[in-house]
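Colleague: fold the following for me, if possible:
(4 chains)
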Number of protein chains: 2
Amino acid sequence: MTSAAPSPAATDDATIDTTLAALADPIRRRSVELLAERPRRAGELAIAVGVSPPVMSRHLRVLRDAALVDEEHPPFDARVRIYSLRAAHMAELRSWLAEAEAGWSEQLTALKEHLERR
Amino acid sequence: MTSAAPSPAATDDATIDTTLAALADPIRRRSVELLAERPRRAGELAIAVGVSPPVMSRHLRVLRDAALVDEEHPPFDARVRIYSLRAAHMAELRSWLAEAEAGWSEQLTALKEHLERR
DNA sequence: CTGGTCTTTCCCTATTTCGTGAACTATTCT
DNA sequence: AGAATAGTTCACGAAATAGGGAAAGACCAG
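Modeller: Numbers count the residues shown, from 1 in each chain, chains lettered A, B, ... in the order given. Have a look, this model is predicted:
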């Protein structure tokens, strides 16, 4: 609305919204799982998850915008892009989960009682 | 496709996929936050999150399909639907997160070593 | 310089989803 | 019975997103 918008930087654009939206896709989540083991190249990921390079590239872009992965050029071959996991913004998701679970714990107690009474 | 589809029960249809997809929406996540405090009626939620009843109803349907919330009719007024949180399928998300984080911890260790060696 | 490799971007179409407004079901109140 | 309430479902069009394939950009090897 106002002309003097805060204009959040692309790197800072990662909210819980974008994090969850990024992880909501099976291919992206699979990629994250693979990257959890060790950093990998884009093409390696494309083959591993079974998608074409263009599709993989776009999914990696989403993960990058969500600040879930980090892109880097290896010194030996500048064509290659090596992707690795960033833990930082995942912590935000974790804290949100923990907060929500705090509320559940109360209801969990009630649920347990309910189940035991059956 | 085939007429004899496995037809997964609506209650059992909750995978991590659907869980994350459900939580990816701001309105739905806000609803979950509100339900974490205490169970609420559908209309109450609609007003709280600032959406029209039809929209709220649909979002609640998504949360219900994801097995994140539970619907129940109160004894005093059968028109009302009271929604409450279900913790069960969220545990799946938590375990997935923990698994992914297990992979990160190794990389964090390696990173620390790398930084200390410089 | 030329060919081959790794990855991304662009154009296009198909599918999904969101929100609005009207209509509908079920239930309560007078 | 008749009107009002609580909530859901069914139209519709608008917007975002996913996938495929062609082509471009950047780079290494001969």
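
Colleague: from residue A:45, how far off is the residue most central in space within chain A?
Modeller: Per Cα atoms, centre = their mean, the C-alpha nearest to the average position across chain A is that of residue A:68, at 4.4 Å. Residue A:68 is 13 Å from residue A:45, where distance means Cβ to Cβ, to the nearest Å. C-beta: built from backbone N, CA, C; applies to glycine.

Colleague: how close does the closest residue to DNA strand C within chain A get to residue A:76?
Modeller: Nearest residue of chain A to DNA strand C: residue A:43, at 2.3 Å (Cβ to the nearest atom of the strand). Distance of residue A:43 to residue A:76, given as Cβ to Cβ: 15 Å.

Colleague: next: residue A:54.
Modeller: In this view, residue A:54 and residue A:76 are 25 Å apart by Cβ to Cβ.

Colleague: who's more crowded, the two?
Modeller: The neighbour comparison of residue A:54 against residue A:76 (other Cβ atoms under 10 Å in any protein chain shown) goes to residue A:54, with 9 against 6.

Colleague: hmm, the helix or strand hosting that one in reach of DNA strand C?
Modeller: Using DSSP states H and E, residue A:54 sits in helix A:53-65. Yes - applying Cβ under 7 Å from any atom of the strand, one finds that helix A:53-65 is in contact with DNA strand C at A:53, A:54, A:56, A:57, A:58, A:60, A:61.

Colleague: following that helix, which helix or strand comes up?
Modeller: Note on helix A:53-65: by DSSP H and E, the next helix or strand toward the C-terminus is strand A:69-72.

Colleague: from the chain's centre, how far out does that next one sit?
Modeller: 12 Å (Cα atoms, centre = their mean, to the nearest Å).

Colleague: close to DNA strand D, is the next helix or strand after that strand?
Modeller: Going down the chain from strand A:69-72, the next helix or strand is strand A:82-85, by DSSP H and E. No - Strand A:82-85 lies out of reach of DNA strand D by Cβ under 7 Å from any atom of the strand, never closer than 13.3 Å.

Colleague: quick one: strands adjacent to strand A:82-85?
Modeller: Paired neighbours of strand A:82-85 in the sheet (DSSP bridges): strand A:40-41 (antiparallel), strand A:69-72 (antiparallel).

Colleague: which positions within that strand qualify as buried?
Modeller: Neighbour counts over strand A:82-85 (16 or more other Cβ atoms under 10 Å in any protein chain shown) mark A:83, A:84, A:85 as buried.

Colleague: what does chain A have sitting close to DNA strand D?
Modeller: Selection of chain A residues close to DNA strand D by Cβ under 7 Å from any atom of the strand yields A:21, A:25, A:27, A:51-52, A:54-55, A:58-59, A:62, A:77-79.
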